[in-house]
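*Asks:* got a predicted structure plus its sequence, pasted below:
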Amino acid sequence: MSSIYDSEDKENVVRTGLGGSKPIQTNLSPQRLDKRTKQSKQVPYHHTAKMRRFTSTMNKSSGLTISEVHHLRQQINEKEREIDSLNTSFISLRTQVESQTLNNFTVESKYLQLERQLKELKSNVEKLNNFEESSMRELQHKFEISSQEMMVKHKERLNSRKEEIATEIDKILQEKQSKYLNAIEKLNANLKSFQEKKESLGNEFQQRLELARQEFKDREKALQENLQQVQSSNEETSASIKHSIDSLRSKINDLTDKSIPSKQKEYAKYESIAQQLKSKNSDKQAEIDSARSEIQSKSDLISELDGKAKLRNDELSRMKFEIKRMKMELVDQETKRRKLHAQLQDLKGNIRVFCRIRAVAAESKLIKFDLPDEDLNEDAKQELSIVKENVGIFNSANSYKFQFDKIFSMNHENECIFEEYSQLIQSCIDGSNVCVFAYGQTGSGKTFTMSHPVNGMIPLSIKKVFDDIKELDTQEQQWEYEINGKFIEIYNENIIDLLNPQSSEKHEIKHDDVNCKTTITNITTVPITSPSQANSILEQVNKRRSTAATKSNDKSSRSHSIFIIDIKGSNKATGVKTFGTLNLIDLAGSERISVSQVEGDRLKETQAINKSLSAVGDVISSLNLNQGSHIPYRNSKLTYLLKHSLGGNSKTLMFVNISPLSANFNETINSLRFATKVNSTKLG
Ligand SMILES: Nc1ncnc2c1ncn2[C@@H]1O[C@H](COP(=O)(O)OP(=O)(O)OP(=O)(O)O)[C@@H](O)[C@H]1O
């Protein structure tokens, strides 16, 4: 704070004869004050007597005339008057100065008081500012904590809801599927038994009918024959009787009364024969009637059996209709399952990054990792911390933190890793394109993860494809699938056909942007008919690559290998068609060899790797961040090839394989940074 005696004012403090030795503050400027002081020194009041004595002395010793002296005296008197008036004004001025000084004191004390108040106010304001700042910090902290808690709770709720939906779907599907399958099985069994019964009843009935018909025919024939015989014998008999009667009559007439009695006897005899024949005839007629009624009852039985057969046929067609309806419902359920599966996968995100730490021998010197808790919410992002320990003079430690969708430690097996992404296979069967990349420095476990002959992602993916399509390729679901494979390598931005490596033909990438399909000219495509056949393709390719690697200084580490599996599906019941491509990619080693340290072929190779790997990172991260803008697919052959398999509804999974060895610390950090760029959170 400035003092009341500020620069100029300090110089205005003078000591006056009236006020004793006390310093008086004046408002006069230094020049004016100085002038007044000089004047008061030059003409003090008590000096006038001295002047008079001095003039009389001068008068005596100088020999001046009286008029001159008089004149001088007048002048002196004038001067003395002037001096008096000056003295008077000086005294009034001094009084003014004193009163001004008093004023100044009052002002000064007020000023001091105001200054104290200002100080207090300032400190209060400062306190208020500090309080405001600390409360703001506290509020911000509280807000951050509560928003984090809300985020965690929200994520938990989301995840549990997702889980619930998925389990509900699975449960409903399983229940429905098993219910329908059981019902269909039962219906099929009923249908079969009905058909068998119908067949056996039909056969039996036909046989019985045939027999009855035959019997009836035989009987009818016999009866007809009998009847005819009887009729003919009757006719014959009656004709002969008639003849006899006639001859008898004529005889009677001829003989008159002579032989009448004997002839009457003969007549009676023939009469009884006729009677017998008549009774025989009525017996035969009764037999014919009973045969007719039997035929009638057999006909009734036949029509009853016909009625039953009709009922069975009606039931059969009802069952067929029911089976058809159930099949349609099953197809409908399958379509719903596909939609829900797609929704679930969308919720999990179209681009996922898994980090895998390679297993190494126990005695190796390792990087200090801080891994996430395994029990944590499985759909939440997981955090990996790495500590770099410098045993230098400062013994400092740097900590790096990274977040990924999943982090697998050295103890995780391939099967467990496959489990985490296997749902993407279903998406591919349902018609989505899927890319699985393995990224990392040479020796970090990319080939072990992707191509291990028993449990690598390639053999396990193919097995899953076949298991899943087997479930869909049933009489009920009516899905049919065709699977084709290509296996290529990209080395120095050139495509090599690994299924026909001797070929010298040029391979070009062609895109059909309308149907979103990609083809490579002159490339070998093989139909894949079983997991074992696909595994033997993988085995052959791995063998070829490793032989080539020994011959040409481990070329395999410096090329990208891609197993392209096309899955084409069609549903006979609904006519729906699907096409999905599964791209399984083992990338070239990512270690950053400084371009300046290599030359010739190796320089070209290094440039090609750096270019294509950063193109992969750029494409995926721009897809992740901003779906509407330009995606730089053309920056490398690999990204250009995968143009229709990345983006849109495609699913991408990147494994970042890292080495836990301390010696590889820098490369491990580089790989994690690359993967973080790829994994960057989607905005809006
Ligand atoms: N998780 C693991 N458990 C046990 N061994 C492993 C694991 N990962 C890798 N290895 C072993 O480490 C060695 C190097 O692994 P791999 O060949 O898979 O590395 P890479 O990253 O594919 O290297 P390159 O870039 O040369 O192809 C192999 O011998 C492999 O068997």
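*Replies:* Sure, I can see it.
*Asks:* mind jotting down where the helices sit in the stretch 351-500 of the chain?
*Replies:* In the stretch 351-500 of the chain, the segments counted as helices under DSSP state H, counting those that start in this stretch are 414-421, 423-429, 446-451, 457-472.
*Asks:* just how off-centre is the first one within its chain?
*Replies:* Looking back up the chat, that one is helix 414-421. Offset of helix 414-421 from its chain centre (CA atoms, centre = their mean, to the nearest Å): 17 Å.
*Asks:* do the shortest one as well
*Replies:* Put simply, helix 446-451 sits 23 Å off its chain's centre (CA atoms, centre = their mean).
*Asks:* picking that back up, of all the helices of the stretch 351-500 of the chain, which one is nearest residue 605?
*Replies:* Taking CB to CB, helix 446-451 is the member of the helices of the stretch 351-500 of the chain nearest to residue 605, at 17.4 Å. For the C-beta atoms, the positions are set from N, CA and C on the backbone; glycine is no exception.
*Asks:* so what does that closest one touch, helix or strand wise?
*Replies:* Secondary-structure packing of helix 446-451 (3 or more CB pairs under 8 Å, 6 or more residues apart in numbering; DSSP states H and E): helix 414-421, strand 434-440, helix 457-472, helix 531-551, strand 577-586, strand 651-658.
*Asks:* can you put those in CSV and add distance to residue 338?
*Replies:* Shown next, in CSV, are the helices and strands packed on helix 446-451 (distance: least, CB to CB, whole Å):
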stretch, distance to residue 338
helix 414-421, 18
strand 434-440, 15
helix 457-472, 10
helix 531-551, 23
strand 577-586, 9
strand 651-658, 14
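*Asks:* could you tell me the least trusted of the ones you listed?
*Replies:* Note on those: helix 531-551 shows the lowest mean pLDDT, a mean of 79.
*Asks:* quick one: it to helix 457-472, angle?
*Replies:* Calculated by axes from the mean of the first three to the mean of the last three CA atoms, to 10 degrees, helix 531-551 forms an angle of 170 degrees with helix 457-472.
*Asks:* helix 531-551 - contacts with which helices or strands?
*Replies:* Using 3+ CB pairs under 8 Å, 6+ apart: helix 531-551 touches helix 446-451, helix 457-472, strand 479-491, strand 560-571.
*Asks:* which of the ones you listed is buried the deepest?
*Replies:* Highest mean neighbour count of the helices and strands packed on helix 531-551: helix 446-451, a mean of 23 (counted as mean count of other CB atoms under 10 Å).
*Asks:* avg pLDDT for it?
*Replies:* Helix 446-451 comes out at a mean pLDDT of 94.
*Asks:* avg pLDDT for the helix or strand where residue 117 lies?
*Replies:* Assigned by DSSP states H and E, residue 117 falls within helix 66-255. Helix 66-255 shows an average pLDDT of 79 in the prediction.
*Asks:* picking up where we left off before, of all the helices and strands packed on helix 446-451, which one is nearest residue 243?
*Replies:* Of all those, helix 457-472 comes closest under CB to CB, at 94.5 Å.
*Asks:* got the phi/psi numbers for the nearest residue to residue 188 once chain neighbours are set aside?
*Replies:* What sits nearest to residue 188 in space, not counting adjacent residues and going by CB to CB, 6 or more residues apart in numbering, is residue 323, at 7.5 Å. Torsion angles at residue 323 (phi, psi; degrees, to the nearest 10) stand at phi -60, psi -40.
*Asks:* was I right to think residue 323 contacts residue 186?
*Replies:* No - Residue 323 is not in contact with residue 186 according to CB atoms under 8 Å; the separation is 10.5 Å.
*Asks:* those two: who's more crowded?
*Replies:* Under the neighbour definition other CB atoms under 10 Å, residue 323 and residue 186 were set side by side, and residue 323 has more, 18 against 11.
*Asks:* next, format the helices and strands packed on helix 446-451 as JSON lines and append distance to the ligand.
*Replies:* Shown next, in JSON lines, are the helices and strands packed on helix 446-451 (distance: least, CB to the nearest ligand atom, whole Å):
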{"stretch": "helix 414-421", "distance to the ligand": "8"}
{"stretch": "strand 434-440", "distance to the ligand": "5"}
{"stretch": "helix 457-472", "distance to the ligand": "12"}
{"stretch": "helix 531-551", "distance to the ligand": "8"}
{"stretch": "strand 577-586", "distance to the ligand": "6"}
{"stretch": "strand 651-658", "distance to the ligand": "6"}
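*Asks:* so which of those comes closest to residue 113?
*Replies:* Closest among those, using CB to CB: strand 651-658, at 71.6 Å.
*Asks:* ok so, going back, who are the packing partners of the helix holding residue 117?
*Replies:* strand 23-25, helix 30-42, helix 48-62, helix 260-348.
*Asks:* the closest residue to the ligand within the stretch 151-300 of the chain - how many residues pack around it?
*Replies:* As assessed by CB to the nearest ligand atom, the ligand sits closest to residue 159 within the stretch 151-300 of the chain, at 28.0 Å. Neighbourhood size, residue 159 [other CB under 10 Å]: 15.
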